[in-house]
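In: Turn this into a structure:
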Amino acid sequence: MDPHLLRTFVAVADRRSFSAAATELGYTQSAVSQQIAALEADLGLALLHRRPVAPTRAGERLLEHAGPLLLRHRAARADVLRAAAGPAGRPAVAASPLACTPAIVRSLPPGCGLRTVARERVAGEVASGAAGLGLVDGIAAPSDPLRLPDVGPLSGFGIVEEELVVVLPDGHPLSHRRGLDLTDLTDALWLLAPVAVPVERLRELAGGGGFRAAFRYDGEDVCTVLNLAAAGHGLVLLPASVAVGAARGVPLVSPRVVHRVEVLYAEATGPAAVLAAQLRQPPSSTPPGTSASGS
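Out: This next block holds a predicted model:
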């Protein structure tokens, strides 16, 4: 399938409008209609209902594949361009918010440029060439790599692992515990936030249901998350270094998982690979409860 036709299809399906997709892509509406017709002719299937505009059953299935396919296409293009251009300048860094620990940020050289993105986007930013280096966080068993989307050939390694704590409000009946088992918290109400461990992952770790949402916060400010948890708007699972100063942070002892930060890069040589090698060195100092780890 022609990636240009696929990109147009995704735009029309997302916007539910041929005219809106044409404006977004810089085409005429006629050109968009012709591209959709060409894609449908190639597959021999109708992909979009016209009135109202909505994906057909076949179109819904194609949408499931379209994002990864287009990302791999951008990643291949970026890889070829990197190889042709050779090393130059300081690499841009894309990082998930909780990957920006003080020790890691201090290790970044001047001029590299750092921007935060959602953790699920970091690998794609590096693979597509939008960033030379990625810093991504998540939870995993000790020394196990994070589960990342397959977006192309990337190199990576872990640089920090630390314990996780459940942030509880003052007076919570479990606040006196020295450690908590996640299965004891399935009936609790939880705070939804981009920087917090998602409830779907909590259910997976606990091997069951529960973990109902009490409050949703769409921002990335950790202080706000801690204040919401302290005010009783829901429990939240966070790295120990982030939860410093929280009303009550009780270590998660079961299941045995840690908060992990990994470096991702696509270049075998060049500025990104050099910076990755520098970050692989253990930080000169780490927050309490934090340890440097490579894999």
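
In: for the record, mean pLDDT for stretch 276-291?
Out: Mean per-residue pLDDT for stretch 276-291: 60.

In: what does stretch 230-242 give?
Out: In this model, stretch 230-242 carries a mean pLDDT of 92.

In: Mind listing what's buried along it?
Out: Neighbour counts over stretch 230-242 (16 or more other Cβ atoms under 10 Å) mark 230, 232-242 as buried. Heads up, the C-betas are built off the backbone N, CA and C, glycines and all.

In: what's the neighbour count on residue 52?
Out: Counted with other Cβ atoms under 10 Å, the neighbours of residue 52 add up to 7.

In: Equivalent analysis for residue 264, please.
Out: Residues near residue 264, counting by other Cβ under 10 Å, number 25.

In: What is the subsequent helix or strand relative to the helix or strand hosting it?
Out: Using DSSP states H and E, residue 264 sits within strand 258-265. For strand 258-265, the following helix or strand on the C-terminal side (DSSP H and E) is helix 271-280.

In: Which strands and helices lie in contact with that next one?
Out: Contact here means 3 or more Cβ pairs under 8 Å, 6 or more residues apart in numbering; DSSP states H and E; on that basis helix 271-280 packs against helix 102-107, strand 133-140, strand 155-162, strand 258-265.

In: What separation is there between residue 249 and residue 188?
Out: When distance is defined by Cβ to Cβ, to the nearest Å, residue 249 is 15 Å away from residue 188.

In: Now do the SS call for the residue sitting furthest away from the middle of the chain.
Out: Each residue of the chain has a distance to the centre, and by Cα atoms, centre = their mean the biggest one is for residue 30: 36.6 Å. Assigned with DSSP: H, G, I helix; E, B strand; the rest coil, residue 30 falls in the helix class.

In: related to what we said a few turns ago, ok, which of the helices and strands packed on helix 271-280 comes nearest residue 94?
Out: Distance to residue 94, taken as Cβ to Cβ, is lowest for strand 133-140 among those, at 5.1 Å.

In: now that closest one and strand 258-265, what's the angle there?
Out: With axes from the mean of the first three to the mean of the last three Cα atoms, to 10 degrees defining the directions, strand 133-140 sits at 150 degrees from strand 258-265.

In: Fine by me, we can end here.
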